[in-house]
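1. below is the sequence, then the predicted model.
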Amino acid sequence: MNKFEEELQKLFPNTKIIKLKDITTKIATISKVRIGQTRTFSEYDEISLNDLDAYGVITVPENPKYLGPANYSSIGSQRLLEGDVVLTHRGSVFKVGVVGSEYKKVIVGNNSMIRIQFPHARNKYTPLFVQAYLQLPFVKEYLNKQITCGSKERKILSSANLAELPIPEFEEKKQTFDFLELYYDRISMTLQAQKLLDEAARIIKTMGVFKESVIFDALNKSDEMEVILARDKRVLVAMGKLRMEMEALV
């Protein structure tokens, strides 16, 4: 057991630590589909990991770029299926996406991705669990240390190294809750928090304008001062209530 596995066991003392390859059917770099002389298939879209929605699900751009006909056999082996997890293998960011459903066309990834496939029986929550795990900062740090190919400026994570990644065992049958609901609720909370932060930035900017106008108001709007003071008090009361509500939440 290496140091990373030991740390995982400390974090998850009641959970067996396994390898990512133990819960997958295939982990491989995505190959090109526009190869060979026989290219007859055009009803596909190619996605990148810039094409993720707020929940990390692969989306197709509204007006995807047509890249030309593909080799039918390559499409058959490289098409992305619901529940597949894909991640960038170049650099150190490791964006991670999961393939959803209801795509109008066949979708494939570009060849800057690694594709992780799962047994059908594990396709409900396990892909989301793996997606969430691969985005943990200490996991990204570990993967960066496993990079053995590519140049210093162009690091590439191999699918073989990814397959050996230690991961806590997640047994879907033993779960007494809906992991998808938990996972998406936590993402929703983060998105809402960001909206609050953005709104707070707007309010701070507005309050700064109020502060800077104090002399202007005092000298030029003395006849309106009662209304101005009442407004300021309402703003203070509203912000005080908001602060107390937020403190109660966390």
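-> Arrived safely.
2. so after the longest helix seen in the chain, what's the next helix or strand?
-> Ordering each helix of the chain by length in residues (DSSP state H) puts helix 179-212 first. The element immediately downstream of helix 179-212 (helix or strand, assigned by DSSP states H and E) is helix 214-220.
3. mind listing what's buried in the next helix or strand after that next one?
-> Counting by DSSP H and E, the next helix or strand C-terminal to helix 214-220 is helix 225-249. For helix 225-249, the neighbour count (16 or more other CB atoms under 10 Å) marks I228 as buried. (Each C-beta comes from the backbone N, C-alpha and C, glycine too.)
4. okay, angle between helix 225-249 and helix 179-212 too, please.
-> For helix 225-249 against helix 179-212, the angle by axes from the mean of the first three to the mean of the last three CA atoms, to 10 degrees is 150 degrees.
5. and the contacts of helix 225-249?
-> Helix 225-249 is contacted by residues 196, 203, 207, 210, 217-218, 221 when judged by CB atoms under 8 Å, 6 or more residues apart in numbering.
6. strands along this protein, start to end?
-> Under the criterion DSSP state E, strands of the chain are mapped to 17-19, 26-29, 44-47, 85-88, 96-98, 106-109, 113-117, 149-150, 155-156, 166-168.
7. in JSON lines: those strands, plus mean pLDDT.
-> JSON lines is the format used below for the strands of the chain (pLDDT from 0 to 100):
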{"stretch": "strand 17-19", "mean pLDDT": "95"}
{"stretch": "strand 26-29", "mean pLDDT": "94"}
{"stretch": "strand 44-47", "mean pLDDT": "92"}
{"stretch": "strand 85-88", "mean pLDDT": "93"}
{"stretch": "strand 96-98", "mean pLDDT": "95"}
{"stretch": "strand 106-109", "mean pLDDT": "93"}
{"stretch": "strand 113-117", "mean pLDDT": "94"}
{"stretch": "strand 149-150", "mean pLDDT": "64"}
{"stretch": "strand 155-156", "mean pLDDT": "80"}
{"stretch": "strand 166-168", "mean pLDDT": "96"}
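8. can you add distance to S74 and give those back as JSON lines?
-> Conversion of these to JSON lines gives the following (distance: least, CB to CB, whole Å):
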{"stretch": "strand 17-19", "distance to S74": "29"}
{"stretch": "strand 26-29", "distance to S74": "13"}
{"stretch": "strand 44-47", "distance to S74": "10"}
{"stretch": "strand 85-88", "distance to S74": "17"}
{"stretch": "strand 96-98", "distance to S74": "21"}
{"stretch": "strand 106-109", "distance to S74": "8"}
{"stretch": "strand 113-117", "distance to S74": "13"}
{"stretch": "strand 149-150", "distance to S74": "23"}
{"stretch": "strand 155-156", "distance to S74": "21"}
{"stretch": "strand 166-168", "distance to S74": "30"}
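9. right, I'll leave it there.
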